[in-house]
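Enquirer: The sequence and its predicted three-dimensional model are supplied below.
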Amino acid sequence: MNIAFNLPINRVSFGQVSTLILRTLFDRERLSGEQHNIFLFPIANQIDLGSQKQDQSFNNWIMAKVANAMENYDRDIPVFKLWHLNGSLESVSRKQNLLTFYELDEPTKLELCIGKNNNLYFSSKYSCEVFANSGVKANYIPLGFDSYNFTEIKRKFNSDRIVFNLCGKFENRKHHAKIIQAWIKKYGNNPKYALQCAIFNPFLNEEQNKNAIANIVKGNKPFNVNFYPLMAENSIYNEFLNSADIIIGMSGAEGFGLPEFQSVALGKHAVLLKAHAYKDWAQDNMVTWVNPNGKTPAYDGMFFQKGQPFNQGNIFTFDDEEFLAACDVAISKAQSSKVNTAGYQLQMTHSKEMFVDAVLNTFKQ
């Protein structure tokens, strides 16, 4: 089968998902003989595999697929594109399947136009519903567990201390400041608990990231709250995810929530907002839920600006006390058992093989 891919190959979320697709196809071809005539168009003509485990055979395979695209591609061959809505009206093919991450609830005319001109897929059922309410059909494709980069690491020491992780690049949309300030109010400077924050935003400079942290803690950081720099390699990030007992996922808007998903799949307990894409993959027996108490405009003057042709709408909100009560419940679970065995189900129900099969099926529709 002739198939084409237009993918970002980089270190951020889009690039991680793209690399998972390609690595899985590479392994299928190498190990089981599954053959496709693949044409690969890296978005922006950039290939950055620095966050991945280095594999020269895989790198060579990537370059061969890029060369095949440059030398032999025909625009009648359908393409699977993983990218933002912004930039997806353009296509290398006359038939484009687009998987994108949409987070808000008021799609603009331009976003709807782009959706109508693609075979559209979201990694969130909520996003599918939002677009359907505006007359644009989209199908749901859940992402897969990246077993190449994320594996369980047994804790090297026994401790009664309960460690929380908070992930994702710093944004108002993710409620990082609200989460950290509420957590500090109850657990700050208590040696029984720790909060580890991997919220470095690569789209902000070093000074902006430092100022964001200073504003959150108001210049008085508790000893049991730590902020980590950018983790450039997945192996380091895997160690970070494994170092906690509980992952916090209280983002007001997510297209999937990869750090939270990977953490739960690795057997971590979780406190999650019962909204948007979290509801698609997280089961009641895996997580401690916090119900949203409303919505608020997403505009932050930086990543979301009112009146623009993209990213308009609202994010879910929550009550601080309900969040902290859920943290107490999760602490009790972690004290009972450090391992959330129910979370392991995600490695099977959302395997990389199932994800790639769903991607390949887009070419048949």
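Expert: Done, it's in. What you see is a predicted model; the values in this text were computed from it and never measured.

Enquirer: Low-confidence ranges, the stretch 151-300 of the chain, go.
Expert: 156-158 (pLDDT under 70).

Enquirer: tell me the helices in it, going along the chain?
Expert: Ranges of helices in the stretch 151-300 of the chain, per DSSP state H, counting those that start in this stretch, are 176-187, 206-217, 234-242, 258-265, 278-281.

Enquirer: Relative to residue 112, which of these is closest?
Expert: Closest of those to residue 112 is helix 278-281, at 22.3 Å (criterion: C-beta to C-beta). C-beta: built from backbone N, CA, C; applies to glycine.

Enquirer: thinking again about what came up before, pick the most buried one from the helices of the stretch 151-300 of the chain.
Expert: Among the helices of the stretch 151-300 of the chain, helix 258-265 has the highest mean neighbour count (mean count of other C-beta atoms under 10 Å), at a mean of 26.

Enquirer: Distance from that one to the middle of the chain?
Expert: Centre-to-centre, helix 258-265 and its host chain are 9 Å apart (C-alpha atoms, centre = their mean, to the nearest Å).

Enquirer: same check, this time on stretch 358-365
Expert: 22 Å.

Enquirer: just stretch 224-235 next, same as before
Expert: Taking C-alpha atoms, centre = their mean, one finds stretch 224-235 lying 16 Å from the centre of the chain it belongs to.

Enquirer: circling back: which of the helices of the stretch 151-300 of the chain sits closest to residue 81?
Expert: For residue 81, the closest of the helices of the stretch 151-300 of the chain is helix 258-265, at 18.9 Å, according to C-beta to C-beta.

Enquirer: And the closest one, what does it pack against?
Expert: helix 13-27, strand 162-167, helix 234-242, strand 246-249, strand 269-273, helix 346-349 (3 or more C-beta pairs under 8 Å, 6 or more residues apart in numbering; DSSP states H and E).

Enquirer: mind redoing it with 6 Å?
Expert: If contacts are counted by 3 or more C-beta pairs under 6 Å, 6 or more residues apart in numbering; DSSP states H and E, helix 258-265 sits against strand 246-249.

Enquirer: Only C-alpha atoms, please: export the strand it packs on in PDB.
Expert: What follows is strand 246-249, C-alpha atoms only, in PDB (Å, rounded to 0.1, in the frame of the first residue of the first chain):
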ATOM      1  CA  ILE A 246       0.800  10.400  42.300                       C
ATOM      2  CA  ILE A 247       0.400  12.400  39.100                       C
ATOM      3  CA  ILE A 248      -1.700  15.600  39.100                       C
ATOM      4  CA  GLY A 249      -3.700  16.300  36.000                       C
END
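
Enquirer: And that strand, how far out from the chain middle?
Expert: With C-alpha atoms, centre = their mean, you get 14 Å for strand 246-249.
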